[in-house]
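Okay, structure incoming, though there's no sequence with it:
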Ligand code: AMP
């Protein structure tokens, strides 16, 4: 059985987490942020250390560890009754993050829509990331050099995922609008998916 899901897609700072939290509050939608799963690891655990090492450089954690952690997380959600795969839609935020991950998850995910939060304004993305770093105490977002590397990683490794899913599934959403307008644009397509 595959997990029905929608993907929130876009550069760091485009608003995936904000939208994911709102969508996840709707019954039968469950927000799953891969970055949050990593941040909830104990910093002194082996994978916690690996996460800090890679995210601290603005790079992706290697695929085998990422996929294993994600599959474990989803299995736990199911076992504990927080996810009912036959009824619920996962709102994935931050995964798949490269084409290899999308390939590995091809037989696991039933992707019914990809919401591409597209921002034309890199400076406002950077400003948002920096505000969030202060509020949420996020080390990977604290310095400008790491932020620029995160944006590069997104361009080089993550953006090709859009092509993997193809035009039919991808809905481009203007991320420079107010959060309420972004939400309304997502919902217009999501309820049809
Ligand atoms: P995020 O909060 O989604 O921006 O993720 C923060 C950091 O976690 C990223 O910069 C990566 O180092 C790591 N990360 C999150 N999701 C993934 C993923 N799917 N694959 C690899 N690394 C990830």
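Now that the structure is in, tell me what you want to look at. In this text, all values refer to a predicted model and were calculated from it rather than measured experimentally.

Ramachandran angles for residue 116?
Residue 116 adopts backbone torsions of phi -90, psi 100, taken as degrees, to the nearest 10.

Isn't it up against residue 170?
Yes - if you go by C-beta atoms under 8 Å, residue 116 and residue 170 touch, sitting 5.5 Å apart. (Each C-beta comes from the backbone N, C-alpha and C, glycine too.)

residues bridging contact with the two, i.e. touching both?
9, 162 (C-beta atoms under 8 Å, 6 or more residues apart in numbering).

contacting residues around residue 11?
Taking C-beta under 8 Å, 6+ apart, one finds 117, 119, 125, 151, 154 in contact with residue 11.

ok, so of the residues you listed, who is nearest residue 103?
Among those, residue 154 lies closest to residue 103 (C-beta to C-beta), at 18.6 Å.

quick one: secondary structure of that closest one?
Of the three states, residue 154 takes helix under DSSP: H, G, I helix; E, B strand; the rest coil.

Can you verify my assumption that it contacts residue 12?
Yes - counting by C-beta under 8 Å, residue 154 touches residue 12, with 6.2 Å between them.

Nearest residue to residue 21 in space, ignoring adjacent ones along the chain?
residue 31 (5.9 Å; C-beta to C-beta, 6 or more residues apart in numbering).

again with residue 98
Here the nearest residue to residue 98 in space, its sequence neighbours aside, is residue 157; by C-beta to C-beta, 6+ apart that works out to 4.4 Å.

sec struct for the residue nearest to residue 21, please.
Residue 31 - assigned by three-state DSSP - is strand.

Residues in a beta bridge with it, which ones?
residue 91 (DSSP bridges).

Report the contact partners of it.
Neighbours of residue 31 in contact, by C-beta under 8 Å, 6+ apart: 20-21, 23-24, 91, 93.

Give me the distance between it and residue 93.
6 Å (C-beta to C-beta, to the nearest Å).

secondary structure class for the closest residue to the ligand within the chain?
Among the residues of the chain, residue 35 lies closest to the ligand, at 2.2 Å counting by C-beta to the nearest ligand atom. Going by three-state DSSP, the secondary structure assigned to residue 35 is helix.

So which residues on this protein come close to the ligand?
Applying C-beta under 6 Å from any ligand atom, we find that the chain lies next to the ligand at 12, 34-35, 38, 54-55, 59-61, 66, 94-95, 97, 101, 140, 150.

Mind checking the pLDDT average for stretch 167-182?
Mean per-residue pLDDT for stretch 167-182: 97.

That stretch: which residues count as buried?
Across stretch 167-182, burial judged by 16 or more other C-beta atoms under 10 Å covers 169-171, 173, 175-176, 182.

Next: stretch 21-39.
Buried residues in stretch 21-39 (16+ other C-beta under 10 Å): 22-23, 29-35, 37-39.
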